[in-house]
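> predicted model, plus sequence, below.
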Amino acid sequence: MKKLGVSNWDQLKKKAKNIKDALSSLEGVTPIYEFALEFFRDRGTSHKHIKHEVAVLLWGQLFTVEVFPCKKQWDDFLQEYQKDQPIKKGVTTDVWNMFLKFVKMTRESKEEAVKEVIEAGVWPMIIEAFAHNLKDKT
């Protein structure tokens, strides 16, 4: 509450509306997304990662279709991916940050973003698998 600059419930409710409004644009989501890594990271280890269950929930809550045009495909992909390739160690800082970069790229051109990820071959495995999934479904 201190970081938000509020000192009571009514102020917090007003701030929550502003946060909800911020989630409707990439510019509004970005600082919240960047903050989420530090806030939700697994404090039980020295590594900076978010437990996979938490990361999936955050991705589902932080991104709307307006912000991430491939949100529905991402949500569906994650459900299947978790069955086949469970993220046992959590989502690393690299994956977390690269996913935001991928979201930004898809807003400019989904096809170009997919092509970039597949051709570069240096993206985190989960994002590369998702790019292949998108390519296969088009």
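Sure thing, it's come through. Because the structure is predicted, anything quoted here is derived from the model rather than measured.
> which parts of stretch 28-46 are buried?
For stretch 28-46, burial by neighbour count (16 or more other Cβ atoms under 10 Å) applies to 28-30, 33, 36-37, 40-41. Heads up, the C-betas are built off the backbone N, CA and C, glycines and all.
> for this protein, what are the low-confidence residue spans?
For the chain, the stretches with pLDDT under 70 are 1, 3-4, 44-47, 84-89.
> so the most centrally placed residue in the chain is in which element?
Taking Cα atoms, centre = their mean, the centroid of the chain lies closest to W59, which sits 4.1 Å from it. Secondary structure assignment for W59, by DSSP states H and E: helix 52-62.
> what's that helix packed up against?
Under the contact definition 3 or more Cβ pairs under 8 Å, 6 or more residues apart in numbering; DSSP states H and E, helix 52-62 sits against helix 26-40, helix 71-84.
> got a list of contacts for the shortest one?
Spelled out, it's helix 71-84. Helix 71-84 is touched from outside by 52, 56, 59-60, 63-65, 68, 87, 126, 129-130, 133-134, 137, with contacts defined as Cβ atoms under 8 Å, 6 or more residues apart in numbering.
> now the angle between helix 52-62 and it, please.
Calculated by axes from the mean of the first three to the mean of the last three Cα atoms, to 10 degrees, helix 71-84 forms an angle of 170 degrees with helix 52-62.
> export helix 71-84 as PDB, just CAs?
The C-alpha coordinates for helix 71-84 follow below in PDB (Å, rounded to 0.1, in the frame of the first residue of the first chain):
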ATOM      1  CA  LYS A  71      -3.600 -14.900 -25.500                       C
ATOM      2  CA  LYS A  72      -6.100 -17.600 -26.200                       C
ATOM      3  CA  GLN A  73      -3.600 -19.700 -28.100                       C
ATOM      4  CA  TRP A  74      -1.000 -19.100 -25.300                       C
ATOM      5  CA  ASP A  75      -3.500 -20.200 -22.600                       C
ATOM      6  CA  ASP A  76      -4.400 -23.400 -24.600                       C
ATOM      7  CA  PHE A  77      -0.700 -24.100 -25.400                       C
ATOM      8  CA  LEU A  78       0.200 -23.800 -21.700                       C
ATOM      9  CA  GLN A  79      -2.400 -26.400 -20.700                       C
ATOM     10  CA  GLU A  80      -1.000 -28.900 -23.200                       C
ATOM     11  CA  TYR A  81       2.600 -28.000 -22.600                       C
ATOM     12  CA  GLN A  82       2.300 -28.600 -18.900                       C
ATOM     13  CA  LYS A  83       1.000 -32.100 -19.600                       C
ATOM     14  CA  ASP A  84       3.900 -33.000 -22.000                       C
END
